[in-house]
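Colleague: need a 3D model of the following:
(chains A and B)
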Protein chains: 2
Amino acid sequence: MQRAAPQQFDRVLSSMCTKPHPAAREAAERFLATNPGDPATYQAVAAQEEDALASLGEITGLDEPHGYIASGGTEANIQAIRAARNLVRDDNPNVVAPESIHFSFQKAADVLGVELRIVPVDGDYRADTEAVREAVDDHTILVAGVAGTTEFGRVDPIPELTDIAHDAGALMHVDAAWGGFILPFTDHEWSFAHAPVDSMTIDPHKYGQAVVPAGGLLFRNKEVLDALAVDTPYLESASQASLTGTRSGAGVASAAAAMRELWPDGYRETYERQQANANWFYNELVARGYDAVEPELPLVAARLPEPEFDSLRDLGWRISRTASGELRVVCMPHVTRESLRAFLADLDDIARGPARN
Amino acid sequence: MQRAAPQQFDRVLSSMCTKPHPAAREAAERFLATNPGDPATYQAVAAQEEDALASLGEITGLDEPHGYIASGGTEANIQAIRAARNLVRDDNPNVVAPESIHFSFQKAADVLGVELRIVPVDGDYRADTEAVREAVDDHTILVAGVAGTTEFGRVDPIPELTDIAHDAGALMHVDAAWGGFILPFTDHEWSFAHAPVDSMTIDPHKYGQAVVPAGGLLFRNKEVLDALAVDTPYLESASQASLTGTRSGAGVASAAAAMRELWPDGYRETYERQQANANWFYNELVARGYDAVEPELPLVAARLPEPEFDSLRDLGWRISRTASGELRVVCMPHVTRESLRAFLADLDDIARGPARN
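Modeller: Numbering: from 1, shown residues only, chains lettered A, B, ... in the order given. From the prediction side, this is the model:
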C-alpha cells in the first residue's frame, strides 16, 4: 500500500528546498543505512562522496576540489569561517559580509566567537564594495559574498570582493548554497574559475535536487580544509574535518546521483524553465501595480499589503517575507506555471475584496 | 528492479550505526522531501518531531522535554556546551569531562573556544569523581559524563557527577548517544529521573534503530535551549535553536516511527538479545586466553595481537580499536550470534597460523 506523501509541494512558494529528482531519491533509499563519517567501514558511500565532490568541482570551476558533503549550507558556512579562524589564529578575528548574507553567519559568529561585521548593500541589493573595503582590517580573517542571495536572488561582485579580501590578507568565501546549480548557465562571475576564491558553499539539496541533507563545502587549498581536522580515535579512519560526526549516506549518495543525472543539461533546462517562470511572474505582478524586484535568478520579491499576504497564507500558500517585508517567491524546480497562475488568481480574488451575494 | 544493498552489515562489528528498523526506513522514505528546519512550511514533519521528543522524554525520564532532533551526537554535544557557554558568558570557560568522553568534545572545544579539561577514569573505565571534583573551578560551565562509553560501554556515576557540577555552579550533561536506548532496561542510574541532570544526548540513529541522521538533544529547562536561539528572517518561523539550518525530515520521521514501534518492548528484546551475545562473546574470548573487558552493556573490548587484528581486517571484518589498542566489538542490533561465531572461527584459523598442505 502506497501511503500519501506527507508533503504537498504545489503551494510551497518560498522554500529553498524542493522535491528531489527520482534518481536522487532512489540513491538515498539505497544508502539510508550508511555513514560517510566512518569511510573505512562504509566504503561504498565513501566512493559516492568522491564522485559528488568531483562533480561539484566541475560545476564550480575547481580542478582539484577539497571538501566534503555537509549537512547543509549552515554547516558549510560555519566551517568555512572555522577553517579561516583556525588557520590564522588571530586574538580578535572578524568576518566581513554584506547585509544580504544568510542568517547562518549570525549563528556561525555566535558559535565560533568571531565578530561579524555586516556592511550595507548597494541600490540593487549587492554588496557595496566600498563599504567592504572600509570594514576590513588586520584582524579580518574572511570576507564573504553571496552568489544568489536568499531574499532577492542577487550575485555579489565576487572578483572585486576577492581582491579586497586578499589585499587584507583574508580568505574569500562565496555562499552559493542556492545559486550554485543555476549560475553556470548565466553570465555572472561567481565561481573558482572567475576569481581566486578560497572556499564555497554549494548545496546539492537546494537547486541540485538531491535529498536533504546534502550541503557542499569546497576549498581551493587542502591546507584550509586540514585546519578543520580533529583526531578520531577508535574509528578505522584517523581524522575528521566535518562538523558533524555520523553523516547521512542518503544525502551523499543522492547528491552524487542527482549530479550524474542532471549536470549539465538537466540543470540547464530547469534553470531556463524557472527563470522564464520568474520573469513571467514578475511581469504579472508589475502589470497588477505591485512594486516588485526584477529577477536576475529565479526568485521574485514584491511588496504586498499585509492583509493580502495573510489571506494567501490562510488559503494554504506556504509563503514567507524578506526582513524588509517583501513577499519572496522562489521558483524552485517543483514550482509550476500553473501553480503561479493559481496563486495570482487567489491574489486577485483577495485584492477585489469579499464577493457579494 | 531491486538493486543490491550498498552496505552489507554482517561483517560490521565496530560501528555504532546499524540497519534501521523497517518502520523507520518506511517513514524516512515518506519524509525524504521535508525540512523540519522550516516547521511552518513543513508542518507534517514538525508534528513528527514533537512526537519524537515526547518519546525521548519518556525514555529518559523527563516529563516536559525541551530540545530537538539533531544531526547526531556530535551536534548534540556541541550544542549542550554552546548553550551552557551562552547562558553563563564566562570570559574563560571550561568543561570538565572524563578521558572516556567522545572525541566530539574535542571538536566542540575547538569550535566553541572553550577549554576542555580531561580527567582520568578509574580502574573500571568510569569517570573518577575525585579527579572531576579537583578539576572543576569557578569557570566551569559544564561537567559531562557518559552513559555508555564508546570504547568500553561503561556508565559514569551520573548522580555524583551531577552533585559536583551543581556544587560548582555548572550544568550537568550526560552523553547517552549510544546507551540511551538500552540503559532503561538495566539498573544503572543515568537519566533525568535518577539525578537533576540538565541536558542529554541520545541518538535515535544508534541503538534507537532510526535512519541517519537522527540525534537527540534534550534539556530539562527551556531557558537553556533558548540560549541557542538565533533569529531567522525570511522563514515562516521566527527563530532556530539547531546548529544546522535545513534539517533531515527523513531522520526526524524515522526516529518518531522507530520509537513508536519499539519502545519499550522492542528495545528491551533487542537489548536482552545483544547483551546475551556480548556476554557469550566475552566468555569465548576469555576461554581462548584473550585479555577481555567484561561487558556491562553490549560492547566487548579485548586485547588482540596486531597481526591477528590486521588479518581479520583483511578477511573483510569491519573492526576498529580503542585508543589504547583493544579490539572493540559493538553488539548493535544487526550483529548476530552466527556472525560472532564466524568471526571467532576466522580468529582461531589465524591464531593457529597458516594451514599446511
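Colleague: residues near A:Phe181, how many?
Modeller: 33 (other C-beta atoms under 10 Å in any protein chain shown). No exception for glycine: its C-beta is placed from N, CA and C like everyone else's.
Colleague: who's in contact with the closest residue to it other than its chain neighbours?
Modeller: Closest residue to A:Phe181 apart from its sequence neighbours, by C-beta to C-beta, 6 or more residues apart in numbering or on different chains: A:Tyr207 at 3.9 Å. Taking C-beta atoms under 8 Å, 6 or more residues apart in numbering or on different chains, we find A:Tyr207 in contact with A:Thr18, A:Trp178, A:Gly179, A:Gly180, A:Phe181, A:Ile182, A:Tyr267, A:Thr270, A:Tyr271, A:Met332, A:Pro333.
Colleague: neighbours of the last one, just the number please.
Modeller: A:Pro333 sits with 24 neighbouring residues when counted by other C-beta under 10 Å.
Colleague: tell me which element the nearest residue to A:Pro39 once chain neighbours are set aside falls in.
Modeller: Leaving aside its chain neighbours, A:Pro39 sits nearest to A:Ala46 (3.7 Å; criterion: C-beta to C-beta, 6+ apart). Following DSSP states H and E, one finds A:Ala46 within helix A:43-60.
Colleague: do A:Leu225 as well
Modeller: helix A:222-226.
Colleague: quick one: average confidence on that helix?
Modeller: In this model, helix A:222-226 has a mean pLDDT of 95.
Colleague: now do that helix: which elements does it pack against?
Modeller: Judged by 3 or more C-beta pairs under 8 Å, 6 or more residues apart in numbering or on different chains; DSSP states H and E, helix A:222-226 is in contact with strand A:66-70, helix A:73-88.
Colleague: so what pLDDT did A:Gly338 get?
Modeller: No Gly there; residue A:338 is Glu. Reading off the model, A:Glu338 has pLDDT 97.
Colleague: what's the answer for the one 10 residues further on, then?
Modeller: Note on A:Asp348: pLDDT of 97.
Colleague: counting neighbours, what do you get for it?
Modeller: A:Asp348: 11 neighbours (other C-beta under 10 Å).
Colleague: show me where the stretch 201-350 of chain A has its helices.
Modeller: Counting by DSSP state H, counting those that start in this stretch, one finds helices in the stretch 201-350 of chain A at the ranges A:222-226, A:249-262, A:265-287, A:306-314, A:337-352.
Colleague: pLDDT-wise, which helix or strand of chain A ranks last?
Modeller: strand A:230-231 (a mean of 81; mean pLDDT, DSSP states H and E).
Colleague: secondary structure element holding the nearest residue to A:Ile78 once chain neighbours are set aside?
Modeller: Closest residue to A:Ile78 apart from its sequence neighbours, by C-beta to C-beta, 6+ apart: A:Ala108 at 4.3 Å. Using DSSP H and E, A:Ala108 sits in helix A:104-112.
Colleague: how about the residue nearest to A:Pro39, what does it touch?
Modeller: A:Pro36, A:Pro39, A:Ala40.
Colleague: tell me the pLDDT of it.
Modeller: 93.
Colleague: which ChimeraX command selects the buried ones in the contacts of A:Ala46?
Modeller: With 16 or more other C-beta atoms under 10 Å in any protein chain shown as the criterion, this ChimeraX line picks the buried residues out of the contacts of A:Ala46:
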select /A:36,39
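Colleague: just the closest of the contacts of A:Ala46 to A:Met172, please.
Modeller: Compare each of the contacts of A:Ala46 with A:Met172 using C-beta to C-beta and the shortest gap goes to A:Pro36, at 27.5 Å.
Colleague: that closest one and A:Thr232, how far apart?
Modeller: Separation of A:Pro36 from A:Thr232 (C-beta to C-beta, to the nearest Å) stands at 13 Å.
Colleague: domain map for chain A?
Modeller: With domains defined by automatic domain parsing, chain A comprises A:22-262, A:265-351.
Colleague: okay, the ones you listed, which one's buried deepest?
Modeller: Among these, domain A:22-262 has the highest mean neighbour count (mean count of other C-beta atoms under 10 Å in any protein chain shown), at a mean of 23.
Colleague: mind checking the end-to-end distance for that domain?
Modeller: The first and last residues of domain A:22-262 sit 11 Å apart, counting by C-alpha to C-alpha, to the nearest Å.
Colleague: which non-adjacent residue is nearest A:Ala227?
Modeller: A:Ala227 sits nearest to A:Asn86 (C-beta to C-beta, 6+ apart), 4.0 Å away.
Colleague: what confidence value was assigned to the one you found?
Modeller: pLDDT, A:Asn86: 95.
Colleague: am I right that it is in contact with B:Gly113?
Modeller: No: look at A:Asn86 against B:Gly113 with C-beta atoms under 8 Å: they stay out of range, at 10.7 Å.
Colleague: out of all of them, which strand in chain A is the longest?
Modeller: Longest strand in chain A, counting residues (DSSP state E): strand A:140-146.
Colleague: what's that one packed up against?
Modeller: Using 3+ C-beta pairs under 8 Å, 6+ apart, strand A:140-146 sits against helix A:73-88, strand A:94-98, helix A:158-167, strand A:171-175.
Colleague: taking strand A:171-175 as reference, get the angle to the longest one.
Modeller: For helix A:73-88 against strand A:171-175, the angle between stretch directions is 180 degrees (axes from the mean of the first three to the mean of the last three C-alpha atoms, to 10 degrees).
Colleague: same check, this time on the third one
Modeller: Per the same axes, to 10 degrees, the angle that helix A:158-167 makes with strand A:171-175 is 150 degrees.
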